[in-house]
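S.K.: pasting the sequence and the predicted coordinates here, then a few questions.
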Amino acid sequence: MLGGRTATDILILECPPRHGKSLMISQYLPCWFLGRYPDQKLILTSYGAEFARSWGRKARDLLHQFGPWFGNVRVSDSQSAAVDWETNHGGGMVTAGIGGPLTGRGG
């Protein structure tokens, strides 16, 4: 639960193929969310580990570029791999493909 939100607060994005769903949900939304809530943790999953890693890298790089727009938010220097990175406030993102190692990871 985040800020009084419940499990019934959902977002459904429906667009035709090739209209930027992955770009919006896997790159821009994590950057915006972690900019606003830098202490929260996100998990990005996909059908393949390399595909998930590529979106994790893009989201990390975007937050690195635009983090100052959100105040004092930046990607941590100590943990900044494409598959597992953190913000300077303790939040961050971990990525995995199907069957990937997410056991014990919160998000």
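M.R.: Looks like it arrived, so ask away. Because the structure is a prediction, the values reported are computed rather than measured. Residues are numbered from 1 along each chain as shown.

S.K.: what about the longest helix in this structure?
M.R.: Criterion DSSP state H: the longest helix present in the chain is helix 49-66.

S.K.: need the next SSE after that one, C-terminal direction.
M.R.: Note on helix 49-66: by DSSP states H and E, the next helix or strand toward the C-terminus is strand 75-81.

S.K.: what's next to that following strand, contact-wise?
M.R.: Contacts of strand 75-81 with the rest of the structure, by C-beta atoms under 8 Å, 6 or more residues apart in numbering, involve 60, 63-64, 67, 85-88, 92. (C-beta placed from N, C-alpha, C; glycine too.)

S.K.: tell me the strands beside that strand, with direction?
M.R.: In the sheet, strand 75-81 lines up against strand 84-87 (antiparallel) (DSSP bridges).

S.K.: now the partner strand, how far from the centre of its chain.
M.R.: 9 Å (C-alpha atoms, centre = their mean, to the nearest Å).

S.K.: residue farthest from the centroid of this structure?
M.R.: Most distant residue from the mean C-alpha position of the chain: Pro16, 22.9 Å away (C-alpha atoms, centre = their mean).

S.K.: which element is that one on?
M.R.: Using DSSP H and E, no helix or strand contains Pro16.

S.K.: low-confidence stretches in the protein?
M.R.: The chain contains residues with pLDDT under 70 at 1-8, 103-106.

S.K.: give me the most central residue, it.
M.R.: Geometric centre of the chain, nearest residue: Pro30, 3.7 Å, by C-alpha atoms, centre = their mean.

S.K.: contacting residues for that one?
M.R.: Per C-beta under 8 Å, 6+ apart, neighbours of Pro30: 42, 44, 59, 63, 93.

S.K.: having no further points to raise, I will conclude here.
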